[in-house]
Structures are given as structure tokens and as C-alpha cells.
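Enquirer: what follows is a protein structure lacking sequence information:
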């Protein structure tokens, strides 16, 4: 079984905290779409579990704030087993693509772009990336972030391509 190192756990936390964040400029976004995105502005806290070789508790906080034009900026931090991860980025509705987009930068060198879609009264962002860990092993990274009502649910998974070993995190957030 593959041992999940600090960088892998940090990448998992990066994705967990908000792998759905982007520096994309909106173009004449629909007012209802902008309002939906802005309805999540505020302070969020989450506590969940990271499953892998061991089960570990994850504690996160996330702040969403008004950005330039119709953008929403965010910054957050997760802590797990002595490891801390910071992420930041911007979310926006991109009218030309008719979708929400988001990207993220982190202190764990993980970056990602996610596409969001309306589902019912909320938003669902999906991210799929391929990366490498600190030892050069290929990883498939996927995340789903559901923003629904007064809650955010994050599910994040890292799978080692060669061995099939995985790391999965599930964290519900509330205001």
C-alpha cells in the first residue's frame, strides 16, 4: 500500500477546502446567477474525515467575500494531523460559457479549475485533474462541491494511478 505523504495530504486538503475556485472574469452574467453565487458570501466552518491508510479528522474554515464586479473571492484553511493548508481564489459566472467556473491556488502547489452547474436551488462544482505526488507518482484527483441552501458539502478523492490506493475526504460546512 502506498504511504500518503505530507504533500499528498496537503493536496487532498487543498482540494477539500475548495477545489472549485477560479480567477475567471464574468461577461454580462445573468443577475439571478450572480445573486445565487453571492448568496454564499460569509464565514463557513467544516469538520469531517479524511480516509486513507489511516482515518484522520479534518477541521476547515472558509471565508467568501465580494470580489471585483460580479466575482466572489474566497480564502480558507484546513488542519489535519499537524498539517495546515491555505487556499485562495475567485468564483464567477461566465456568461459566454453559460456556466460557473472556479479556480484555486494553494500553499501545497495544487491548483485546479472546476466547472459549476445549477442543480435545483444550489450549485454543484466538479473538478477532475491529474497530478503527481512528491515522489513523481501519477494521481487522479476529483472533487465535488455542493452548495445547497445554507450548507456546503465537499467530497474529495485522490487515487494513485499505478496502485489504485486512494485518499478520500468528506467535509460538511455550515455558517
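Expert: Nice, I can see it. What you are looking at is a predicted structure, and each value in this text was computed from that prediction instead of being measured. Residues are numbered from 1 along each chain as shown.
Enquirer: which parts of this structure are strands?
Expert: Using DSSP state E, the strands found in the chain span residues 42-51, 55-66, 72-80, 83-94, 99-106, 112-119, 122-132, 138-148, 151-160, 166-174.
Enquirer: how about these, which one is nearest residue 33?
Expert: strand 83-94 (4.2 Å; CB to CB). In this view, the C-beta of every residue, glycine as well, is placed from N, C-alpha and C.
Enquirer: which elements pack onto that closest one?
Expert: Packing partners of strand 83-94 (3 or more CB pairs under 8 Å, 6 or more residues apart in numbering; DSSP states H and E): helix 6-18, helix 31-38, strand 72-80, strand 99-106.
Enquirer: that strand pairs with which strands, parallel or anti?
Expert: Next to strand 83-94 in the sheet, as set by DSSP bridges, lie strand 72-80 (antiparallel), strand 99-106 (antiparallel).
Enquirer: turn those into a markdown table, columns for mean neighbour count, mean pLDDT and distance to residue 57.
Expert: Shown next, in a markdown table, are the strands paired with strand 83-94 (neighbours: other CB atoms under 10 Å; pLDDT from 0 to 100; distance: least, CB to CB, whole Å):
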| stretch | mean neighbour count | mean pLDDT | distance to residue 57 |
| --- | --- | --- | --- |
| strand 72-80 | 21 | 87 | 7 |
| strand 99-106 | 22 | 81 | 20 |
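Enquirer: what's the burial count for the closest residue to residue 46 other than its chain neighbours?
Expert: Residue nearest to residue 46 in three dimensions, not counting chain neighbours: residue 173, with 3.8 Å by CB to CB, 6 or more residues apart in numbering. By the criterion of other CB atoms under 10 Å, residue 173 has 23 neighbours.
Enquirer: could you shift the numbering so residue one becomes 817, and keep it that way?
Expert: Okay, using 817 as the starting number, the last item reads as residue 989.
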